[in-house]
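Q: sequence first, predicted coordinates after that:
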Amino acid sequence: INTAQNHEELLEQRKQHIGRNLSISYKKKLKIVRGALQYLYDDEGNTYVDCVNNVSHVGHCHPIVVRATQKQVAILNTNTRYLNDHLVDYAKMLTATLPGKLRVCYFTNSGSEANDLAIRMSRHFTGQKDVIVLDHAYHGTSTTAIEMSPYKFDGKGGFGRMPYIHKAMNPDGFRGPFRNSDPEAGNKYATDIARIVESLKQAGKSPAAFICETLLGVGGQIPLPDGYLKAVYEHVRRAGGLCIADEVQVGFGRVGEKFWGFELQDVEPDIVVLGKPIGNGHPLAAVVVTDEIADAFNNGMEYFNTYGGNPVSMATGKAVLQAIQGEEMQAHALQTGNLLMEALRKLAPRHPLIGDVRGKGLFVGVELVRDRQTLEPAVPEIDLVVERMKDRGFLLSTDGPLHNVLKIKPPLVFNEKNAMDMVTALDETFTELSAGKI
Ligand code: PMP
């Protein structure tokens, strides 16, 4: 093999041999060679604070997780057709964090696969096909998950909306028709779901499911307005549909006040979908359902998943939960997230670019605007900010339908000093930007 001699060569070889539509960050590409907790290191000896990797939830190469995975790799890895303690132990540990009725687990290898399965189960349970999703949502890359993802099917290369998928308004309290200042915004956004349920009824149908993230990720780092999911779940359940919570981005203590995003809305989903942080980077995901749904899905067709639930994944999942709980990461996320958002809000009077600072715990968004009245998105300024922040040693990304939301969701070990240093770097970067220096 002719190993690449430099970054340019490696990039060129990547373009030749790896799928053409795989994106890569930054103008000057980074070659990251090592990770440790909230830090990443490149091949030139530079250190970066990883402010956006929520897959490495408890930190890159967290020793508890590394040790557990290494140990199990050396003992046994096989499918689930033999008895294995790790499988059942992990299912018990995981379901202990969820409401009592959610007690049956299906393990998969990615969030996409888990969402795909969740939709299939809802269709079995209800005998219906139609699904309600939120506008701009992303639920994964499988064929079914793309059908559930307006972010993909409405975008470039998408096939458009399937007739059995229904898009509800994104409950965006900053930019949408009902704003955060309106205490009834949650209920008002929920009426859009009632409208869809009613139109299905007129057509002699009912929804199989409603699926949404419990804080919106790709939709723009948006906490749901108070009362929103309560009202939505009522509308959906009245029509016989199941309520699916996609916790792939937000679960496992990240939101601070609660362990799960749906708990912030005081609701109990029928199906919960877990991914990304669950294995701290190891390919593990899960669907957790009630007994009734599991029984309905036990329909004669075996559910077998070659890698899902293997002992290495299960040992890894256990270690992740142990690290979160043992190191009190949920409380840490709450405290650090609050300090971070407070410091970001203090920047706003000096930087008109900051339209909104929002989030829960260490799931934070900063929406950048050119004008606080018109809310014109600050694009491409945001890309200059992200690029310059990299030079200052902080890795961030962007999100939102208008591509103008700075996305901050670091490993939960991100600490107060990291937060304050990042805010200082942002302050300097915004100053440079307004002076036309970048
Ligand atoms: N759901 C949400 C909310 C996601 O953000 C993602 C991934 N970005 C997925 C599902 C799909 O997960 P995966 O990439 O592991 O298939």
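A: Cool, the structure landed.

Q: need the contact list for the residue in the stretch 51-200 of the chain that the ligand sits nearest to.
A: Nearest residue of the stretch 51-200 of the chain to the ligand: G111, at 2.4 Å (Cβ to the nearest ligand atom). Heads up, the C-betas are built off the backbone N, CA and C, glycines and all. By Cβ atoms under 8 Å, 6 or more residues apart in numbering, the contact set of G111 is 139-140, 246, 248, 273-276, 285.

Q: check contacts around the residue lying closest to it once chain neighbours are set aside.
A: Among residues not flanking G111 along the chain, G275 sits closest, at 3.0 Å (Cβ to Cβ, 6 or more residues apart in numbering). For G275, the contact set (Cβ under 8 Å, 6+ apart) comprises 110-111, 114, 247-248, 284-286.

Q: my read: P171 touches T191, true?
A: No: taking Cβ atoms under 8 Å as the definition, P171 is not a contact partner of T191, at 10.9 Å.

Q: phi, psi of the residue nearest the centre of the chain?
A: In the chain, the centroid-proximal residue (Cα atoms, centre = their mean) is Q249; its distance is 1.8 Å. Dihedral angles of Q249 (phi, psi; degrees, to the nearest 10) stand at phi -90, psi -30.

Q: repeat that for L22.
A: Note on L22: its backbone torsions stand at phi -90, psi 120 [degrees, to the nearest 10].

Q: I figured L321 hits T95, correct?
A: No: using Cβ under 8 Å, L321 makes no contact with T95, being 11.2 Å away.

Q: for the residue nearest to G111, give its distance to H57.
A: According to Cβ to Cβ, to the nearest Å, G275 stands 11 Å off from H57.

Q: ok so, going back, show me the residues around the residue nearest to the centre of the chain that make contact.
A: Contact analysis of Q249 by Cβ under 8 Å, 6+ apart lists 54, 213, 215, 217, 276, 363, 409.

Q: turn the buried ones among those into a named ChimeraX selection, would you?
A: This is the ChimeraX syntax for the buried subset of the contacts of Q249, where burial follows 16 or more other Cβ atoms under 10 Å:
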select :54,213,215,217,276,363,409
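
Q: what does the stretch 251-400 of the chain put close to the ligand?
A: 275, 285 (Cβ under 6 Å from any ligand atom).

Q: quick check: the residue of the stretch 251-400 of the chain nearest the ligand.
A: G275 (4.7 Å).

Q: mind listing what G359 touches?
A: Shown in contact with G359 (Cβ under 8 Å, 6+ apart): 215, 221, 223, 337, 341, 365, 408.

Q: quick one, domains of this structure?
A: With automatic domain parsing as the criterion, the domains of the chain are listed as 7-58+328-434, 63-326.

Q: now the strands: where do they sit in the stretch 1-150 of the chain?
A: In the stretch 1-150 of the chain, the strands defined using DSSP state E, counting those that start in this stretch lie at 32-36, 39-42, 47-50, 104-108, 131-134.

Q: that should have said the stretch 201-350 of the chain, apologies.
A: 209-213, 215-216, 222-223, 242-246, 271-274, 285-289.

Q: quick one: mean pLDDT over stretch 280-288.
A: Stretch 280-288 comes out with an average pLDDT of 98.

Q: relative to R161, how far out is G155?
A: Applying Cβ to Cβ to G155 and R161 gives a distance of 12 Å.

Q: what is the neighbour count of L30?
A: Look at L30: counted by other Cβ atoms under 10 Å, it has 17 neighbours.

Q: so it makes contact with D42?
A: Yes: assessed by Cβ under 8 Å, L30 is found in contact with D42 at 5.4 Å.

Q: now the common contact residues for these two.
A: Joint contacts of L30 and D42 (Cβ under 8 Å, 6+ apart) are Y48.

Q: if we can go back for a sec, could you dump the contacts of Q249 into TSV and include pLDDT?
A: TSV is the format used below for the contacts of Q249 (pLDDT from 0 to 100):
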residue	pLDDT
N54	89
E213	98
L215	98
G217	97
K276	98
F363	98
K409	98
